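Asks: The sequence isn't on hand, but the structure is:
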Ligand code: F6P
């Protein structure tokens with residue numbers, strides 16, 4: 001393989017730059033040319049390619065966001081869009097791809113490989129940590145720490161004013177961000193899609209704590225929780241326990257930015273190297289991940305369709321520690 005392309009796609013995550021850097025430097029190390037594809041699949045369709053060398057990725061390991069920019073492309077979901085992307089790759093002599101992203105990115109890559117045979121190795125880049133085939137995704141650790149820092153600050157004011165805060169964190173359909181935020185942030189309750197805790201159960205629990213003279217509370221709500229968003233839950237709680245002074249904080253996109261943590265830089269670097277070496281060894285349609293500290297390559301289909309389960313003992317921890 002003489003020339004490869006690398007791109008970031010879907011929601012950005014801290015550590016994507018560290019991964020791009022590792023991909024570029026590994027390619028250079030092995031004598032392979034590397035092109036950055038701007039704005040994910042959108043840029044691939046338009047032929048937005050930039051030649052990258054070792055110096056292009058200097059001073060990027062510590063930066064949040066992605067120097068290649070990111071996008072979610074509707075056009076790539078059409079056959080016509082994929083045909084255009086393929087033509088651009090062929091015209092530019094790109095023989096393999098490293099795709100840094102999440103579910104949507106790998107769904108696109110799978111279709112692309114099936115139709116046009118371009119080998120792709122994925123790197124798990126998403127704050128959501130919802131990909132099967134890796135214990136952690138690039139950006140997750142940083143996002144959790146960012147959310148936790150916010151929760152610590154909310155706790156200060158919740159305590160001063162004897163208030164009950166409903167704090168909504170990201171994670172799409174998964175509670176992976178919410179759970180460590182709840183345990184590390186000393187929350188009373190955590191609501192995640194995986195456990196289906198009802199709003200009635202939340203009300204019962206808060207009422208019991210209130211009756212036991214607890215005066216301030218943090219309830220962490222995962223954005224994908226089936227009971228609805230934090231505002232809705234807070235409204236229902238307020239209606240049931242009017243004496244509670246409720247407030248809502250949506251932490252939002254702050255969770256997606258910032259300098260990557262040490263753990264994310266390390267993971268991104270390991271995976272970037274593994275992605276390029278995987279391509280060189282003939283791998284295709286797989287994601288490089290770390291499971292139990294070991295490098296593994298998992299077929300895209302499994303990363304997308306197999307459910308990464310939440311460790312149920314973590315839910316028990318929240319119950320015990322909020323007693
Ligand atoms: O997948 C990452 C993520 O930040 C999710 O946690 C969130 O649901 C979504 O992306 C937000 O997407 P957007 O930035 O397009 O609003």
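Replies: Arrived safely. The shown structure was predicted, so the numbers you read here are calculated from the model rather than taken from an experiment.
Asks: what's the burial count for the residue in the stretch 51-200 of the chain positioned nearest to the ligand?
Replies: Residue nearest to the ligand within the stretch 51-200 of the chain (Cβ to the nearest ligand atom): residue 170, separated by 3.3 Å. For every residue, glycine as well, the C-beta is placed using N, CA and C. Residue 170 has 24 neighbours, counted by other Cβ atoms under 10 Å.
Asks: so it touches residue 252, yeah?
Replies: Yes: applying Cβ atoms under 8 Å as the test, residue 170 and residue 252 come out as touching, 7.4 Å apart.
Asks: ok, the spatially closest residue to residue 265 that is not a sequence neighbour - contacts?
Replies: Counting by Cβ to Cβ, 6 or more residues apart in numbering, residue 265 lies nearest to residue 18, which is 4.7 Å off, once chain neighbours are set aside. Residue 18 makes contact with 60, 61, 138, 260, 264, 265, 268, 269, 272, according to Cβ atoms under 8 Å, 6 or more residues apart in numbering.
Asks: do residue 48 as well
Replies: Residues in contact with residue 48 (Cβ under 8 Å, 6+ apart) are 37, 38, 39, 42.
Asks: and the contacts of residue 18 as a markdown table, adding secondary structure, distance to the ligand and pLDDT?
Replies: Formatted as a markdown table, these follow (DSSP: H, G, I helix; E, B strand; the rest coil; distance: Cβ to the nearest ligand atom, whole Å; pLDDT from 0 to 100):
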| residue | secondary structure | distance to the ligand | pLDDT |
| --- | --- | --- | --- |
| 60 | coil | 21 | 98 |
| 61 | coil | 21 | 98 |
| 138 | strand | 12 | 98 |
| 260 | coil | 15 | 98 |
| 264 | helix | 15 | 98 |
| 265 | helix | 19 | 98 |
| 268 | helix | 16 | 99 |
| 269 | helix | 21 | 98 |
| 272 | helix | 20 | 98 |
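Asks: Any chance of those in a markdown table with neighbour count as columns?
Replies: Putting the contacts of residue 18 into a markdown table (neighbours: other Cβ atoms under 10 Å) gives the following:
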| residue | neighbour count |
| --- | --- |
| 60 | 16 |
| 61 | 18 |
| 138 | 35 |
| 260 | 26 |
| 264 | 28 |
| 265 | 23 |
| 268 | 30 |
| 269 | 20 |
| 272 | 29 |
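Asks: before we move on, the earlier item: let me know the distance separating the residue nearest to residue 265 from the ligand.
Replies: As defined by Cβ to the nearest ligand atom, to the nearest Å, residue 18 lies at a distance of 18 Å from the ligand.
Asks: do the same with residue 312
Replies: Distance from residue 312 to the ligand, by Cβ to the nearest ligand atom: 22 Å.
Asks: Pull up the gap between that residue and residue 198, please.
Replies: Residue 312 sits 17 Å away from residue 198, going by Cβ to Cβ, to the nearest Å.
Asks: for residue 126, same thing?
Replies: As for residue 126, its distance to residue 198 is 28 Å (criterion: Cβ to Cβ).
Asks: How about residue 93?
Replies: Separation of residue 93 from residue 198 (Cβ to Cβ) stands at 57 Å.
Asks: My read is that residue 222 contacts residue 181, right?
Replies: No: Residue 222 is beyond contact range of residue 181, at 9.1 Å (criterion: Cβ under 8 Å).
Asks: Between these two, which contacts overlap?
Replies: Common neighbours of residue 222 and residue 181 (Cβ under 8 Å, 6+ apart) are 169, 190.
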